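**Student:** Provided below for reference: sequence and predicted model.
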Amino acid sequence: MNPYLAGFLLGLVLLATIYISGRGLGASGAVKGVVTGAVMTVAPAHADKQPFYEAAKAHGNPLKDWLVFEVIGVLIGAFISGVMADRLKLMVEKGPRVASRTRLIAALAGGALFGFGAQFGRGCTSGAALSGMAVLSAGGILTMMAIFGSAYAVAFFLRRLWV
Amino acid sequence: MGPLVPDIVTDQLNLAIALLLGIAFGFVLEQAGFSSSRKLTGLFYGTDFTVLRVFFTAGVTAMSGVLLLSEFGLLDPELIYINPTFLQSAILGGAIMGVGFVLGGYCPGTSFCGLAVGRLDALSFAVGGALGIFAFGEGFPMYQDFYKAGAKGDLLVSTALGLSNGQFAAVMIVVAVAAFVFTSRLEKKVNPESGAFRFPVLRHRLAGAALIALALVLLFMPDRKARLTAEAAGPRAAETVRQMAPDELAIHVMDRDAKFQLVDAREATDFAKATLPGAVNVAPATLFGKEARNTLAGASVTKVFFARDQAASVRAAALAKLTGTENVVALAGGYDGFMAAVVNGGPAPDESTRTFRLRAGPEIVALIKQQSAPKVVKVVRRVQGGCGG
């Protein structure tokens, strides 16, 4: 799809979200819901002690959350699109100069950093940067600039992974 | 008036809508090619600026949409979730995420797209994301203070920069268009297989021109509150407002006529001290909001607006009309005029009026004393959202 058309449609989806639900889109928040739910199930006493889980616990069931439902939708929507574009394939996508093992370890580490950073940023590229930009949030736009600024700053040192 | 939660869209329905919006979100992200980590990271090596095109277009579309809907009174900007600003935490979080982006090749949302089409590196990224969040939660007491430092609340970037919302959006649009032009040239130089070679040039130029036109509209768009408040205070608005004489209102009050709703447009502190029987408090500043709109909905009931004096009453009634309230009248003379004439037995124009006021005055005083805890229309709480909660 033409990237500008995709961006326009994405903007309309976000606008509809704000108009109907009064909030933005997100992704990392759903993972937080799942993590909180897992900790509450496996170690309920521990979850009670840790202040981090307080907010999610206050809603009752952390899995019965707006973002969890939205992310289930993302998986379905992306799958439908993948079928239509014939992109469904089990594979490891990587740069030409790295082994699959390296790529998977780097992805795990990158994901961990992203998840960790998204807590400080109070959202990721979706929830803080994109949705924050739509409602002119100073913090959201600051986080967006920090994400892309930092990514460009380290891209040179990690170039072996991709080019 | 949006947002449609919680009155039109209930909590349960909202979850079903989250699923539908998520499907649309995931579909568009995947269609844009965001299930591919190499495409995403191409942004950082100059080979593929798709991310910038999609992200910036989506951002300015949604931003302009929010501002236009608010300007036309279709969305209450006081109710939508604004990501709160915590300066230090926002910057550090972004910096860590940036490293994660290049190292991992995805961001959380796009990793779900990659996962949905079978990318195992995306699965690895998503698992890592959960581990990172868990690690953060375990160490949370250590950096809790830092996390909460530099709190600026619902700070808007436009406010921080001293611009109107429209002006900031206009700047963003111009920056976006400039970035689109510049990065497409760069991409064509760096990557001989760039998709930018196949762009429909004429259509993109037209779209770019439309964006610049939108920027101009936003640049000169006055703030809705300021515009309507000024209009309500003008002589034209005052002429269109029907007025009700104090004695007529006294009859309706004594009859407890349900076809009339008294609206006290004074500040909440004055309202709390004393008000007319059955009045609700809708201060002019709250007239723009959804709560006031719901309270004053419907054309069958006549809304009698009164403030301290004649001029303020007419202004409030005019503003109510401009913000969409139907069947509005202003109480001639306002609250003070009503009390002086009817309740405290001021000079009457004729004998029958004098007799009426002698009877009405004590009865209305009794009604005022009877009423308990009248209703105040406040700005209701914002929607809770975001990923940090």
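**Tutor:** That came through fine.

**Student:** which residues are in contact with the worst-scoring helix or strand of chain A on mean pLDDT?
**Tutor:** In chain A, the helix or strand scored least confidently by mean pLDDT, DSSP states H and E is helix A:54-58, which has a mean of 72. Helix A:54-58 has contacts (C-beta atoms under 8 Å, 6 or more residues apart in numbering or on different chains) with A:32-33, A:36, A:40, A:47, A:62, A:65, B:389. C-beta coordinates here come from the backbone N, C-alpha and C atoms, glycine included.

**Student:** contacting residues around residue 89?
**Tutor:** You didn't say which chain, so I picked chain A. Taking C-beta under 8 Å, 6+ apart as the test, what A:Lys89 contacts is B:117-118.

**Student:** you answered for a different chain; I wanted chain B.
**Tutor:** B:Ser89 is in contact with A:120-122, B:146-150, counting by C-beta under 8 Å, 6+ apart.

**Student:** what about the residue lying closest to B:Lys225 once chain neighbours are set aside, how many neighbours?
**Tutor:** Of all residues not flanking B:Lys225 in the chain, B:Phe288 sits nearest, at 5.9 Å (C-beta to C-beta, 6 or more residues apart in numbering or on different chains). B:Phe288: 23 surrounding residues under other C-beta atoms under 10 Å in any protein chain shown.

**Student:** top of the contacts of B:Ser89 by neighbour count?
**Tutor:** A:Gly121 (35 neighbours).

**Student:** ramachandran angles for that residue?
**Tutor:** Phi and psi for A:Gly121, reported as degrees, to the nearest 10, are phi -80, psi -10.

**Student:** gap between it and chain B?
**Tutor:** Between A:Gly121 and chain B the computed distance is 3 Å (C-beta to the nearest C-beta, to the nearest Å).

**Student:** quick one: which of the contacts of helix A:54-58 is most hemmed in?
**Tutor:** Neighbour max across those (other C-beta under 10 Å) = A:Lys32, 30 neighbours.

**Student:** pretty sure that residue is in a helix, no?
**Tutor:** Yes - using DSSP: H, G, I helix; E, B strand; the rest coil, the assignment for A:Lys32 is a helix.

**Student:** wouldn't it be in contact with B:Gly129 here?
**Tutor:** No - the pair A:Lys32 / B:Gly129 is not scored as a contact, 9.4 Å apart, by C-beta atoms under 8 Å.

**Student:** in a strand, B:Phe305, correct?
**Tutor:** Yes - when three-state DSSP is applied, B:Phe305 is found to be in a strand.

**Student:** report pLDDT for it.
**Tutor:** Predicted confidence (pLDDT) at B:Phe305: the value is 97.

**Student:** what is the nearest of the contacts of helix A:54-58 to A:Gly139?
**Tutor:** Closest approach to A:Gly139 among those (C-beta to C-beta): B:Gly389, at 13.8 Å.

**Student:** for B:Asp223, give me its contacts.
**Tutor:** The contact partners of B:Asp223, taken as C-beta under 8 Å, 6+ apart, are B:164-166.

**Student:** between these, which is closest to chain A?
**Tutor:** Lowest distance from chain A to the contacts of B:Asp223 (C-beta to the nearest C-beta) belongs to B:Asn165, with 6.0 Å.

**Student:** re earlier: looking at the contacts of B:Ser89, which are in helices?
**Tutor:** Using DSSP state H, the members of the contacts of B:Ser89 that fall within helices are A:120, B:146-148.

**Student:** want to throw the contacts of B:Ser89 into CSV with distance to B:Ala62?
**Tutor:** Shown next, in CSV, are these (distance: C-beta to C-beta, whole Å):
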residue, distance to B:Ala62
A:Phe120, 24
A:Gly121, 19
A:Arg122, 19
B:Phe146, 30
B:Tyr147, 27
B:Lys148, 28
B:Ala149, 29
B:Gly150, 26
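
**Student:** how about the residues you listed in CSV, adding pLDDT and distance to B:Gly94?
**Tutor:** Shown next, in CSV, are the contacts of B:Ser89 (pLDDT from 0 to 100; distance: C-beta to C-beta, whole Å):
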residue, pLDDT, distance to B:Gly94
A:Phe120, 97, 8
A:Gly121, 96, 5
A:Arg122, 96, 10
B:Phe146, 96, 14
B:Tyr147, 95, 14
B:Lys148, 94, 17
B:Ala149, 95, 15
B:Gly150, 94, 14
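
**Student:** closest point of the stretch 201-350 of chain B to chain A, which residue?
**Tutor:** Counting by C-beta to the nearest C-beta, the stretch 201-350 of chain B gets nearest chain A through B:Ala207, at 6.4 Å.

**Student:** that residue is in what secondary structure piece?
**Tutor:** Assigned by DSSP states H and E, B:Ala207 belongs to helix B:201-219.

**Student:** send the alpha carbons of that helix over as PDB?
**Tutor:** What follows is helix B:201-219, C-alpha atoms only, in PDB (Å, rounded to 0.1, in the frame of the first residue of the first chain):
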ATOM      1  CA  VAL B 201       4.200  12.300  -8.800                       C
ATOM      2  CA  LEU B 202       1.200  14.300  -9.700                       C
ATOM      3  CA  ARG B 203      -1.100  12.800  -7.100                       C
ATOM      4  CA  HIS B 204       1.600  13.300  -4.400                       C
ATOM      5  CA  ARG B 205       2.000  16.900  -5.400                       C
ATOM      6  CA  LEU B 206      -1.700  17.500  -5.100                       C
ATOM      7  CA  ALA B 207      -1.800  15.700  -1.700                       C
ATOM      8  CA  GLY B 208       1.100  17.900  -0.600                       C
ATOM      9  CA  ALA B 209      -0.700  21.000  -1.700                       C
ATOM     10  CA  ALA B 210      -3.800  19.900   0.200                       C
ATOM     11  CA  LEU B 211      -1.700  19.400   3.300                       C
ATOM     12  CA  ILE B 212      -0.300  22.900   3.000                       C
ATOM     13  CA  ALA B 213      -3.800  24.300   2.500                       C
ATOM     14  CA  LEU B 214      -4.900  22.400   5.700                       C
ATOM     15  CA  ALA B 215      -1.900  24.000   7.500                       C
ATOM     16  CA  LEU B 216      -3.100  27.500   6.500                       C
ATOM     17  CA  VAL B 217      -6.600  26.800   7.800                       C
ATOM     18  CA  LEU B 218      -5.200  25.500  11.100                       C
ATOM     19  CA  LEU B 219      -2.800  28.500  11.300                       C
END
